[in-house]
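Visitor: Sequence and predicted structure, then a few things I'm wondering about:
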Amino acid sequence: TLAIDPTAKGATIDDTMYGVFFEDINRAADGGLHAELVQNRSFEYSTADNAAYTPLTGWAPTGGTLDVVDDGARMNERNRNYLRLGLPAGVINSGYNSGLAVEKGKRYDFSAWARSDQPAGTPVHVGLTDPAGKDLAPPVEVRVKGDGWTKYTGTFAARESSTTGRLLLDAGGTGTLRLDMVSLFPQDTFKGHGLRKDLAEKIAALDPGFVRFPGGCLVNTGSHRGYEAPDFERRRSFQWKDTIGPVEQRATNWNFWGYNQSYGLGYYEYFQFSEDVGAMPLPVVPALVTGCGQNRATDDPELLRRHIQDTLDLIEFANGPADSTWGRKRAEMGHPEPFGLTHVAVGNEENLADEFFSRFTRFRAAIEARYPDITVVGNSGPDDTGANFDRLWQLNRDAGVDLVDEHYYNSPSWFLENNDRYDSYDRNGPKVFLGEYASQDNRYSNALAEAAFMTGLERNADVVKLASYAPLLSNEDYVQWRPDMIWFNNHASWGSTSYEVQKLFMTNVGDHVVKSTASGTPWSPEPITGAIGLSSWATSVAYDDVKVTSADGRELFADDFSVDGGSWTGNGAGNWGVVDGRFVQSDTAATNPLMTAGDPTWSDFTFSVKATKLSGS
Ligand code: AHR
């Protein structure tokens with residue numbers, strides 16, 4: 001029994017309490033939230049970064065001579081590689097996952113930068129096709145004229161849907177054609193601002209109070225290559241100035257998570273997205289110290305000065321008048337009004353407490369001197385406890401920092417046992433920004449543990465001011481980190497159980513805590529051994545820690561398991577097996593990854609089951 005006393009008011013819960021943390025990890029940007037369909041559109045992938053890459057990754061030749069070159073004919077200093085075609089020649093791009101996903105009835109904008117050395121120009125046939133070459137839309141014909149870089153455009157109207165689309169460029173004639181920045185972009189994007197609709201809508205449905213971006217380890221680490229010493233120069237740690245302006249003039253980067261980023265999703269787009277979902281933007285800038293396994297501090301006064309200046313410029317880019325140096329760039333990109341930036345986080349998961357804090361102090365002093373209304377957020381390292389954590393908290397406390405970023409990824413039982421974590425936090429010290437947390441799996445029980453923990457966050461809403469689950473997005477074919485909140489491929493997306501918990505809390509933020517007390521006997525599960533309904537299903541049943549073992553002793557399945565009514569009726573007709581952690585009607589090695597060739601069908605197995613029954617009959 002819960003007794004609730006609405007008159008006994010506790011902490012106020014801010015509307016910004018729950019937000020999201022977007023990091024470009026698991027291909028969350030290119031091939032994900034950034035709606036561009038072409039992979040490696042500017043031919044910047046490099047074998048030097050990743051042995052599995054070449055400058056033609058994502059592309060396949062259809063004939064002729066093709067070279068990716070970096071020479072004096074390049075488009076600009078930041079976009080150095082281009083594709084040189086000895087004519088006649090052609091190339092095909094196959095996008096991400098199974099290909100370019102297009103929907104019947106929708107329109108897609110093609111663009112490419114090109115130059116031709118032929119006085120009469122070069123004809124280019126552009127096709128949106130299936131893998132066999134059949135048109136999914138009427139083709140686009142362009143004639144490239146002139147030997148200076150020029151943008152060519154066209155639009156495809158898809159007359160068929162496909163998840164395996166290809167973009168074909170077939171150039172005729174003789175001589176040389178140069179190509180760069182080849183793009184296919186859906187016209188139908190979230191609020192028309194270039195983000196993939198289904199993903200952006202799932203994030204918007206959370207009603208986030210803030211958007212923390214762009215990382216994470218992505219922000220303050222150098223190149224991923226063997227965790228070498230960080231190179232804080234441009235093109236390595238996340239430098240916001242690389243990511244704004246016309247896309248063909250933006251840098252690309254080989255990022256910490258092991259893949260190439262186009263920066264098509266850049267700082268302007270992050271601010272715009274935050275505004276579009278009604279959330280406070282919360283950027284994280286590098287502090288010239290790295291955590292994330294690198295643990296190095298850079299001692300270069302000039303570099304530190306530049307990074308501090310870059311941060312001041314970032315604030316001007318977000319908030320400055322349209323006639324200020326950086327505010328003008330924002331206005332030129334289409335947003336003359338300020339974005340209303342109020343918080344900037346300096347650093348992420350710092351392991352070198354004192355080295356970080358001395359640099360943080362310089363950033364903070366410069367920001368507060370110029371922009372006294374901006375809150376500068378500190379952090380407490382990658383752990384939920386320990387000497388580094390304690391030291392960082394001490395430094396933040398002594399310096400009177402307003403908000404300190406905490407991160408932890410732990411087991412469900414840790415989350416259950418630490419519901420009271422913030423009950424004893426100093427009410428007079430810095431407030432907590434829980435910038436990253438998750439219990440380590442995407443099971444139902446993880447989501448329940450997170451929900452239980454979040455009641456502790458809310459109870460302590462006077463101390464915990466901001467909280468975001470992490471990471472937010474994962475492309476199922478390019479995973480560096482799990483669990484994740486929202487999963488996707490090139491055409492579909494789905495929320496995890498943790499997504500549903502976040503949504504429940506985030507769309508029901510209270511105004512303040514009220515006193516509540518619980519009485520009665522807490523539920524206590526009884527272990528059961530035996531059949532759990534393989535022969536006759538209950539209408540609704542849930543078990544914890546189900547283990548299914550085959551007659552020859554192999555563990556076939558270990559998970560939590562629940563059945564909800566109707567979908568499981570009529571079981572008697574089939575042979576139920578386990579695929580990807582779910583009981584399904586699949587009884588052959590061909591369709592069930594847990595079976596090997598030669599196994600009997602599921603109906604021939606003897607199951608022994610040990611489980612804890614949670615509910616149902
Ligand atoms: O969220 C994934 C990673 O976890 C982040 O990049 C980092 O901050 C943390 O270690």
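Guide: That came through fine. Note that this is a predicted model, so its numbers are computed, not measured.

Visitor: count of neighbours near the residue in the chain positioned nearest to the ligand?
Guide: The ligand sits closest to G216 of the chain, with a gap of 2.9 Å, by CB to the nearest ligand atom. For the C-beta atoms, the positions are set from N, CA and C on the backbone; glycine is no exception. A count of neighbours around G216, defined by other CB atoms under 10 Å, yields 27.

Visitor: T153 now?
Guide: 11.

Visitor: Contact partners for it?
Guide: Counting by CB atoms under 8 Å, 6 or more residues apart in numbering, T153 touches 109-111.

Visitor: returning to what we had before: please report the distance of the residue of the chain closest to the ligand from S498.
Guide: 17 Å (CB to CB, to the nearest Å).

Visitor: Phi and psi next, for W494.
Guide: The phi/psi pair for W494 (degrees, to the nearest 10) reads phi -150, psi 140.

Visitor: My error: substitute T189 in the last question.
Guide: phi -120, psi 170.

Visitor: Next one, pLDDT for it please.
Guide: T189 carries a pLDDT value of 98.

Visitor: Which stretches in this protein count as helices?
Guide: For the chain, the helices defined by DSSP state H occupy 197-204, 217-220, 267-276, 301-319, 325-332, 353-370, 387-398, 412-417, 444-459, 497-506.

Visitor: for the shortest one, packing partners?
Guide: Going back to what we said before, that points to helix 217-220. On a contact count with 3 or more CB pairs under 8 Å, 6 or more residues apart in numbering; DSSP states H and E, helix 217-220 meets strand 280-285.

Visitor: Adjacent strands (with direction) for the strand it packs on?
Guide: Strand 280-285 pairs in its sheet with strand 210-213 (parallel), strand 343-346 (parallel), by DSSP bridges.

Visitor: how about the last one as CSV, C-alpha atoms only?
Guide: Looking back up the chat, that one is strand 343-346. Taking Å, rounded to 0.1, in the frame of the first residue of the first chain, the C-alpha atoms of strand 343-346 are listed here in CSV:
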residue,chain,number,x,y,z
HIS,A,343,25.2,25.8,-20.4
VAL,A,344,28.5,24.6,-21.7
ALA,A,345,30.2,21.4,-20.4
VAL,A,346,34.0,21.4,-20.5
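
Visitor: does any part of that strand sit near the ligand?
Guide: No: residues of strand 343-346 contacting the ligand under CB under 6 Å from any ligand atom: none, with a closest distance of 11.1 Å.

Visitor: now that strand: mean pLDDT?
Guide: Across strand 343-346, pLDDT averages out at 98.

Visitor: how many neighbours does the residue nearest to H335 when sequence neighbours are not counted have?
Guide: Spatial nearest neighbour of H335, excluding adjacent residues (CB to CB, 6 or more residues apart in numbering): Q272 at 6.7 Å. Neighbours of Q272 under the rule other CB under 10 Å: 22.

Visitor: try A451
Guide: Using other CB under 10 Å, A451 is surrounded by 17 other residues.

Visitor: again, but for the one 10 residues further on
Guide: The criterion is other CB under 10 Å. On that basis, A461 has 21 neighbouring residues.

Visitor: so it makes contact with D15?
Guide: No: the criterion here is CB atoms under 8 Å, and A461 misses it with D15 at 11.2 Å.

Visitor: what does the domain assignment say about this protein?
Guide: Listed domain ranges for the chain are 12-27+190-518, 59-186, 526-616 (source: automatic domain parsing).

Visitor: Can you tell me how far the nearest residue to Y408 once chain neighbours are set aside is from F356?
Guide: Distances taken as CB to CB, 6+ apart put D384 closest to Y408, at 3.9 Å, once the chain neighbours are dropped. D384 is 18 Å from F356, where distance means CB to CB.

Visitor: For the closest residue to Y499 other than its chain neighbours, give me its contacts.
Guide: Using CB to CB, 6+ apart and skipping the chain neighbours, the partner closest in space to Y499 is M485 (4.8 Å). M485 makes contact with 20, 469-473, 495-496, 498-499, 502, according to CB under 8 Å, 6+ apart.

Visitor: Let's see that with 7 Å instead.
Guide: The contact partners of M485, by CB atoms under 7 Å, 6 or more residues apart in numbering, come to 469, 472, 495-496, 498-499, 502.

Visitor: P321 too?
Guide: Applying CB under 7 Å, 6+ apart, we find P321 in contact with G327.

Visitor: And N351, by the same measure?
Guide: Neighbour list for N351: 291, 295, 381-382, 388 [criterion: CB under 7 Å, 6+ apart].

Visitor: Would you mind measuring from it to H407?
Guide: N351 is 12 Å from H407, by CB to CB.

Visitor: residues bridging contact with the two, i.e. touching both?
Guide: Common contacts of N351 and H407 (CB under 7 Å, 6+ apart): P382.

Visitor: what residues does the stretch 101-250 of the chain put near the ligand?
Guide: For the stretch 101-250 of the chain, the residues in contact with the ligand (CB under 6 Å from any ligand atom) are 215-217.

Visitor: Between D384 and F356, tell me which one has more neighbours.
Guide: F356 (29 against 16).

Visitor: okay but that one is in contact with T290, surely?
Guide: No: if you go by CB atoms under 7 Å, F356 and T290 don't touch, sitting 9.4 Å apart.

Visitor: which residues of the stretch 1-150 of the chain fall in strands?
Guide: For the stretch 1-150 of the chain, the strands defined by DSSP state E, counting those that start in this stretch occupy 2-12, 20-21, 59-69, 82-93, 100-102, 107-116, 122-129, 140-144, 150-157.

Visitor: What residues does this protein have near the ligand?
Guide: Counting by CB under 6 Å from any ligand atom, the chain comes close to the ligand at 23, 25, 215-217, 292, 348-349, 382, 407, 436, 470-471, 481.

Visitor: Tell me the one of those nearest R330?
Guide: Nearest to R330, judged by CB to CB, of those is G215 at 21.8 Å.

Visitor: how much space between the closest one and H335?
Guide: Taking CB to CB, one finds G215 at 23 Å from H335.

Visitor: who has more neighbours, these two?
Guide: The residue with more neighbours, out of G215 and H335, is G215; 27 against 16, by other CB under 10 Å.

Visitor: Just confirm that one contacts S237, I think it does.
Guide: No: the pair G215 / S237 is not scored as a contact, 9.7 Å apart, by CB under 7 Å.

Visitor: count of neighbours near L288?
Guide: Around L288 there are 27 other residues, counting by other CB under 10 Å.

Visitor: Ignoring the adjacent residues along the chain, who's closest to it?
Guide: In this structure, L288 finds its nearest non-sequential neighbour in T298, 4.7 Å apart by CB to CB, 6+ apart.

Visitor: and if you look at R143?
Guide: Sequence neighbours aside, G121 is the residue nearest to R143 in space, at 4.7 Å (criterion: CB to CB, 6+ apart).

Visitor: Just the local confidence number for that neighbour, please.
Guide: G121 carries a pLDDT score of 98 in this model.

Visitor: And for F213?
Guide: pLDDT recorded at F213 is 98.

Visitor: residues contacting L167?
Guide: Neighbour list for L167: 38, 92-93, 100, 128, 184 [criterion: CB under 7 Å, 6+ apart].

Visitor: try 10 Å this time
Guide: Contacts for L167 (CB atoms under 10 Å, 6 or more residues apart in numbering) come out as 37-39, 41, 58-59, 91-95, 99-100, 108, 110, 112, 126-129, 156, 182-184.

Visitor: Equivalent analysis for Y437, please.
Guide: Y437 is in contact with 21, 384, 406-410, 415, 450, 453-454, 457, 467-470, counting by CB under 10 Å, 6+ apart.

Visitor: now it: how far from W240?
Guide: Using CB to CB, Y437 is found at 25 Å from W240.

Visitor: And for G340?
Guide: 17 Å.

Visitor: which of those two has more neighbours?
Guide: Neighbours per residue, other CB under 10 Å: of G340 and W240, the larger number sits with W240, 22 against 12.
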